Structure formats: structure tokens, C-alpha cells
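[1] Pasting a predicted model and its sequence here:
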Amino acid sequence: MYFPIPPPLTPLTDWGWSYGSAIGQYMTQILPPERINRMIIDGIVDVVGWSGYPIQPYNITDDMDHILQEFADSCASAGDACVLSNLTSSQILSLIDSTLDELYYSPPLATDLGPGYGSVEVDAGVLRFALFESMYLMLSWPTLAELLAETFAGNYTSLVQAIVPAISPTYVTMRDDSSYATSMIYCNDAKPYDASHPPPSIEQLTDNVVLALNQNSRRLGEFLYGLGLCQFWQDVMPSQSHYNGTFDIAPGTLQTPMLVFSQTFDPVTDLANALRSSERLGDNARLIQQVDGYGHCTISQTSFCALPIVQAYMLDGAVPDSNHTLCQVDQLPFKPFDEQDAVNGTEGLDLESRQAWVALGLSWAKLAAA
């Protein structure tokens, strides 16, 4: 792992989301404390497990079914805001399950897809990936409901177009959105297998996938299983810069404690990661949890409670008195969220800050949807 470090006399200020939370935790160990100015991490990677031997899917997807359940519950009660609100929550989930079974056993062929597609076999993996991506971002749930409504009716065009990229002459110049890019980064960070800890067999890897499905989610539990396949990358991209130190940190090490943000329900970096990290960091950190937060990273769901905490921290180095602060969210599933009304109706914060906070959340939403 490589990252730019400012010159020696420049204190470092960093705000890292998702994998950026791992980078932030690495920097607190690699750099001397006086080099750390302000540090915010959000969507917390358990860096102790991340830097150890390759993790398995059952360690990642604990919250997946909780988030899918909230999608179904909020959709069913949303009225006109959700196209599937004529169904109950249990009916929505039942239709998802039966459709996944149908696509698994008898995948249809979608042909009316437009230029660059040709014919595409619509198997269960296409629908499952659409579900998985939507668990990252609550703002995408109305679109997911529309895709599901069409899919339940046997129309797969929108589903395929949302998930399967069209073939394009310029495709070679586009960024790599495949899971292989993530695997290569992670497998360079993970500890290489050795004689004392040999890689799991194919049978063991299969058992780990089954465990993730049974333990976390029968629909989506094994996602990111590729992070556990690092032994197959060793000859392709051997690790050059693995961090072999510990992540222990003495009390009072950081001049300004870092802020650790977490949703209550995150599809790939669950609250337990943030709790473990906060406990390990001790008085070097403050945990801020977004209650009723669903999605990847707190920035994906606007909370005006979190704004003054971030603002006071970045400007003055002030941190909450409590080691664990609870913030309510202002942006709710399938509920109208007029940005202008929201920023104008929030008392105690200047308008420019509120507008910037909403804009930051929207920029994250665009990035997550890209």
C-alpha cells in the first residue's frame, strides 16, 4: 500500500471513508504522533483483521439481511413513494427469493437491450448484484424497487442495463469497476500465507461461503468472498510492502483524538468493526454512531447532528465529551428530502455549512452509484 505523505514539517489532516479508514489507521502507526493533525474515519475496516491472514466472507456481511429487511419494511409503508408498496414487507422478500430461484434454475435470455449488448443471460447473479449494490446507498432504494417491479413482471431490460456494462470501443479507457481491482489491493495488504498458516483448501473455502450464506444472509452473505482467495494472487501480484507491526496505541498518544464514524447497519463494514477499533484506540478516539443509519459510511445518509461535530473538530480540534455519541439521521428511506428545505430548516448551523454538508453527501451518493 502506498499513499502520499506531506513533507516532514506539515501536519497531516485526513478524512477517510471505507478503505480510507484502513489507510487512516495505518498512518497512526507509521507516522509519529506529532505528524497527525486531524483524522476522521468512516465506514470502519477492522484493520487488525484486514492486515492479518485473508479474511473470509462470514466476517464481512453481518448486516446484509438487516438492511434488506429495512428496504422491504420501509418500501411497504411508503405509499406512492415506493412502486412495490402494494405488497407487504414479507411479500417483497418472498418475491425476491422466488425470483432468485427462477433465475438460478432457468435463466432467461434478454435481447431487447439496445446497442452494445447483444443477448444477455439473466441469471440469479445479475439480480443479486443489483441487490448488493443497493444495500450501500439508501438513496438508491426507490430505483431498486422499480427494477424489482419490472423483474417480478418478467421484464429484465432495466435490470441488465443497470448492472451489465455495454460493450464500447472506449471501454479500455474506463476505470476498472471489477471486484478484481479490490482483490489486488487487499491481497497486498493481507499477511501472506506461510508454513505455519497454510492457505485454506478449495473445500474449506467452499465451507466458508456456505457458512456466510447460512450465518449472514442466504441471499447475499457470500459477497466479497474474493477477498479470501489471496493465495491465488501470489504469483500475479506478490505483496511488496506489507505492514508487519501492531495496531496497539498507548493512551494519550494522539494530540487530537481521531473521530470514528459508523452507521448502525452497514453492508460491508459493520458497527462491530467501529466498536472494536474505538476500544483499541481508547482515549485516542471518539466514536460517533448514526442511529437508524443504513448504508455504507455515515456520509451516505444525511445527519445534521454529525455536522457540528465534524465542523468543530476540523476547525478547532474539539471532540465530543462522550466516548460514544449517538446521532439521529435526517434523511430517511422513501421519505421526501428537499435539500433546500432541509438546510433552511436546520437551526443552530450556518446556511453555508448546511449546504456544503448536503452537497458532500450527494457527491458520495454519485460516487457510490458510479
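    Yep, that arrived.
[2] Tell me, how many residues neighbour the residue lying closest to G43 once chain neighbours are set aside?
    The spatially closest residue to G43, leaving aside those adjacent along the chain, is C297, at 3.6 Å (CB to CB, 6 or more residues apart in numbering). Glycine gets a C-beta too; all of them are placed from N, C-alpha and C. As a burial measure, C297 scores 28 neighbours (other CB atoms under 10 Å).
[3] Might one say that C297 is in contact with Y19?
    No: with contact defined as CB atoms under 8 Å, C297 and Y19 do not form a contacting pair (10.7 Å).
[4] Now do the strands in the stretch 201-350 of the chain.
    258-265, 285-294, 324-328 (DSSP state E, counting those that start in this stretch).
[5] And the second one, how far out from the chain middle?
    Mean C-alpha position of strand 285-294 versus that of the full chain (CA atoms, centre = their mean, to the nearest Å) differs by 14 Å.
[6] Same check on stretch 81-91?
    On CA atoms, centre = their mean, the centre of stretch 81-91 falls 25 Å from that of its chain.
[7] Tell me the buried residues in that stretch?
    A81, C82, V83, L84, S85, L87, S89 (16 or more other CB atoms under 10 Å).
[8] So the third one: helix, strand or coil?
    When classified by DSSP: H, G, I helix; E, B strand; the rest coil, V83 comes out as coil.
[9] OK, contacts around it?
    P142, A145, E146, A149 (CB atoms under 8 Å, 6 or more residues apart in numbering).
[10] The residue nearest to Q231 when sequence neighbours are not counted: how many residues sit nearby?
    For Q231, ignoring the flanking residues on the chain, the nearest one in space by CB to CB, 6+ apart is P199 at 3.6 Å. P199 has 17 neighbours, counted by other CB under 10 Å.
[11] Can you check what pLDDT the model gives P199?
    Here the pLDDT value assigned to P199 is 89.
[12] Could you do T325 as well?
    Confidence score, pLDDT, at T325: 98.
[13] Same question for G293.
    Note for G293: predicted pLDDT of 95.
[14] Near the closest residue to it other than its chain neighbours, how many residues? Count them for me, please.
    Distances taken as CB to CB, 6+ apart place Q263 nearest to G293, at 3.6 Å, with adjacent residues excluded. Neighbours of Q263 under the rule other CB under 10 Å: 31.
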